[in-house]
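Engineer: Sequence below, structure please.
(one chain, ligands or ions: 1)
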Amino acid sequence: MSINVAIDGPAGAGKSTVARRLAGLLNFIYVDTGAMYRAMAFYFIRNHIAADDETAIAQACREVDVTIAYEDGEQQVVLNGENVTGLIRTEEVGNMASATSVYPVVREKLVELQRKLAQEADVVMDGRDIGTCVLPEAQVKIYLTAGVATRAKRRYAELSAKGERCNLEEIEKDIRERDQRDMTREVSPLKQAEDAVLVDSSDLDIAGATEEILRIIREKTAILKTV
Ligand code: DC
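Structural biologist: Numbers count the residues shown, from 1 in each chain. Below is the predicted model:
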């Protein structure tokens, strides 16, 4: 049976960086589920489909094929045969992904792919509903979070480093809205699974958060081995 590590939490808590590092250290496959929702969102934007047009979204879901591939160990998201990995990291796509991930048609499609990947290999998978819905049997579940102000500052530094013009207040507002939407949607809202371990990264850097989660993984999997 494969080992599954589920990492959930709000936008900007450091999930993807930490999950990628953990997968490298453990020699597991890293699955970034947010990138899949972003690829779908990118398709909707490109085809001028509005986030509130549920009929068009349902129709589009029948035409969209999202798969993932790995190049030098890095996840690549392939949308109808096109590698869109470099096109989905914008605020516009992130907000569209948050708005359209509320639809069951969108989620069903991606959850099926996510479960298949976790069945086939040892994975560190990050997202919003991995521990609660996608992989309820995951051996290790982490809820990684941080305060809104910390997350906004991190996002600001990230965008500024990329040379993008941005405004801290706007980023913080965006994060609050995204949290609100991700946590209150009807289907698979973001919430800590009952059996997940809470890790607050407000006062931890990436190395510190990685180390803390690695310690939890070792503890949990060592217990499993002795049971
Ligand atoms: O982690 P991210 O910022 O790349 O995710 C973008 C959006 O996708 C997020 O705001 C909500 C949605 N998402 C989701 O609903 N379920 C997941 N497992 C992952 C992401």
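
Engineer: which strands and helices sit next to the lengthiest helix in the chain?
Structural biologist: With residue count as the measure and DSSP state H as the assignment, the chain has helix 206-226 as its longest helix. The criterion is 3 or more Cβ pairs under 8 Å, 6 or more residues apart in numbering; DSSP states H and E, and the helices and strands that helix 206-226 contacts are helix 15-26, strand 140-145, strand 197-200. (Glycine included, C-beta is placed from N, CA and C.)

Engineer: For the helix or strand harbouring Glu169, name the packing helices and strands.
Structural biologist: With secondary structure defined by DSSP states H and E, Glu169 is part of helix 168-184. Packing contacts for helix 168-184, counted by 3+ Cβ pairs under 8 Å, 6+ apart, involve helix 91-100, helix 148-161.

Engineer: neighbouring contacts of it?
Structural biologist: With Cβ atoms under 8 Å, 6 or more residues apart in numbering as the contact definition, helix 168-184 has outside contacts at 10-12, 91, 94-95, 98-99, 101-102, 128, 148-149, 151-153, 155-156, 159, 189-191.

Engineer: give me that answer again for 10 Å
Structural biologist: Helix 168-184 is contacted from outside by 9-12, 91, 94-95, 97-99, 101-102, 128-129, 145, 148-149, 151-160, 166-167, 188-191, using Cβ atoms under 10 Å, 6 or more residues apart in numbering.

Engineer: The residues you listed, buried ones only, as a ChimeraX selection?
Structural biologist: Selecting only the buried members of the contacts of helix 168-184 in ChimeraX, with burial defined as 16 or more other Cβ atoms under 10 Å, works like this:
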select :9,10,11,12,94,95,97,98,99,101,102,128,129,145,148,151,152,153,154,155,156,159,166,188,190,191
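
Engineer: just the contacts of helix 168-184 that are near the ligand?
Structural biologist: With Cβ under 6 Å from any ligand atom as the criterion, these include 11, 94, 97-98, 101, 128-129 near the ligand.

Engineer: Pull the most distant pair out of the residues you listed.
Structural biologist: Based on Cβ to Cβ, the longest span within these runs between Gly94 and Asp129 and measures 16.7 Å.

Engineer: for the ligand, what are the nearby residues on this structure?
Structural biologist: Residues of the chain found near the ligand (Cβ under 6 Å from any ligand atom) are 11, 33-34, 37-38, 94, 97-98, 101, 127-129, 178, 182.

Engineer: which among the residues you listed gets closest to Ile49?
Structural biologist: Ala97 (13.1 Å).

Engineer: Where does pLDDT dip in the protein?
Structural biologist: Residues of the chain that meet the criterion pLDDT under 70 lie in 223-227.

Engineer: From Ile213, how far out is the most centrally placed residue in the chain?
Structural biologist: What sits nearest the mean C-alpha location of the chain, by Cα atoms, centre = their mean, is Gly127, with 2.9 Å. Here Gly127 is placed at a distance of 15 Å from Ile213 (Cβ to Cβ, to the nearest Å).

Engineer: Kindly report the same for Ala41.
Structural biologist: Ala41 sits at a distance of 28 Å from Ile213 (criterion: Cβ to Cβ).
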